[in-house]
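Novice: 3D model of this:
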Amino acid sequence: MFSFCSRKLLHMKCSGSSSTTCLLPIIGNSSLRFNSNATEQPSLTVDYLINRCGLTQESALKTSHRFNIKSTTKADSVLALLNSYGLPKPCISEVIRRNPTVLSVDLKKTLEPKIEFFSNMGISGPDLARILYRGPSILTDASLRNEIIPSIEFLKSFLHNGKNIAAAMSRLRWTMGFQRVMECNIEFLRNQGVPDSGISKLILLCPRALNWKQPRVNEVVLQANEMGCNSSSLIFI
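Specialist: Numbering: from 1, shown residues only. Take a look at the predicted model:
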């Protein structure tokens, strides 16, 4: 009814006024039709995320709101590098979905040195995939020299090999400064009589417990003591 009345009113105005009055609504409708068609065209970013990165259409649309691909050359190089180190395709898709800026990172200065560092420690393929799944920002936001290397060396002092490090990091969300929090909690546990062998087991099995705030750690240690657990035993851990 509204549409009919609008057309009727338009006809009445056109019949008794200049052509300018008549043309304005027509130009507006044409503009709307054009914009509607434009939004239906798949963007380069969405198309690339679906066809090259393996994202679903829904995920690609959401991801494209946070990141735009201006050229596929660099993105192709990033995908080729990740594939060359044996990362499973589902992992690559998930890393890109959660951190799409990895597709635009500097390959030689940033991405390749990090991947190579892990590879030299024997961490690649599925092991590396587990780390990146928990903390995809490690590829773009963390400094290799100032954050990644010191943190990995710290874990290595307890876990000794890449396999154990990968297992621990797959249970630990990568955040800046996690090493400092762990060191404070480890020192507290040592003062409670927990040996390094027990701390190593805790880092391997439940590293996030060592990222708790100090009051929470104190509370849990107190509860364990009240239950009669010897701090030097595995049951305490």
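Novice: Next one, pLDDT for Leu172 please.
Specialist: Listed pLDDT for Leu172 reads 87.
Novice: Report how many residues lie close to it.
Specialist: Residues within reach of Leu172, counting by other Cβ atoms under 10 Å, total 22. For glycine as for every other residue, the C-beta is placed from the backbone atoms N, C-alpha and C.
Novice: got the contact list for it?
Specialist: Arg134, Gly135, Phe178, Pro207, Arg208, Asn211 (Cβ atoms under 8 Å, 6 or more residues apart in numbering).
Novice: name the element it belongs to?
Specialist: If you go by DSSP states H and E, Leu172 is not part of any helix or strand.
Novice: Least confident secondary structure element in this structure?
Specialist: helix 19-40 (a mean of 37; mean pLDDT, DSSP states H and E).
Novice: The contacts of Leu172 in strands, which ones?
Specialist: With strands defined by DSSP state E, no entry of the contacts of Leu172 lies inside them.
Novice: the helices in this structure, which residues?
Specialist: 2-15, 19-40, 44-51, 57-64, 72-84, 89-98, 112-120, 125-134, 149-159, 162-169, 178-191, 196-205, 214-226 (DSSP state H).
Novice: Only C-alpha atoms, please: export stretch 203-214 in CSV.
Specialist: What follows is stretch 203-214, C-alpha atoms only, in CSV (Å, rounded to 0.1, in the frame of the first residue of the first chain):
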residue,chain,number,x,y,z
ILE,A,203,55.5,-27.5,34.2
LEU,A,204,55.0,-30.5,31.8
LEU,A,205,51.5,-31.5,33.0
CYS,A,206,49.9,-28.3,34.1
PRO,A,207,52.1,-25.2,33.3
ARG,A,208,49.1,-22.8,33.6
ALA,A,209,49.1,-23.5,37.4
LEU,A,210,52.4,-21.7,37.6
ASN,A,211,50.8,-18.7,35.9
TRP,A,212,48.3,-18.3,38.8
LYS,A,213,48.5,-15.3,40.9
GLN,A,214,50.5,-15.7,44.2
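Novice: Which positions in that stretch come out as buried?
Specialist: Ile203, Leu204, Pro207, Ala209, Leu210, Asn211 (16 or more other Cβ atoms under 10 Å).
Novice: got it, and stretch 186-194?
Specialist: Buried-residue list, stretch 186-194, by 16+ other Cβ under 10 Å: Ile186, Leu189, Gln192, Val194.
Novice: residues contacting the first one?
Specialist: Residues in contact with Ile186 (Cβ under 8 Å, 6+ apart) are Ile199, Leu210.
Novice: do you know how far it is from Pro207?
Specialist: 11 Å (Cβ to Cβ, to the nearest Å).
Novice: try the last one
Specialist: Computed as Cβ to Cβ, the Val194 to Pro207 distance reads 15 Å.
Novice: you'd agree Thr110 is up against Thr140?
Specialist: Yes: contact status for Thr110 versus Thr140: in contact at 7.3 Å, counting by Cβ atoms under 8 Å.
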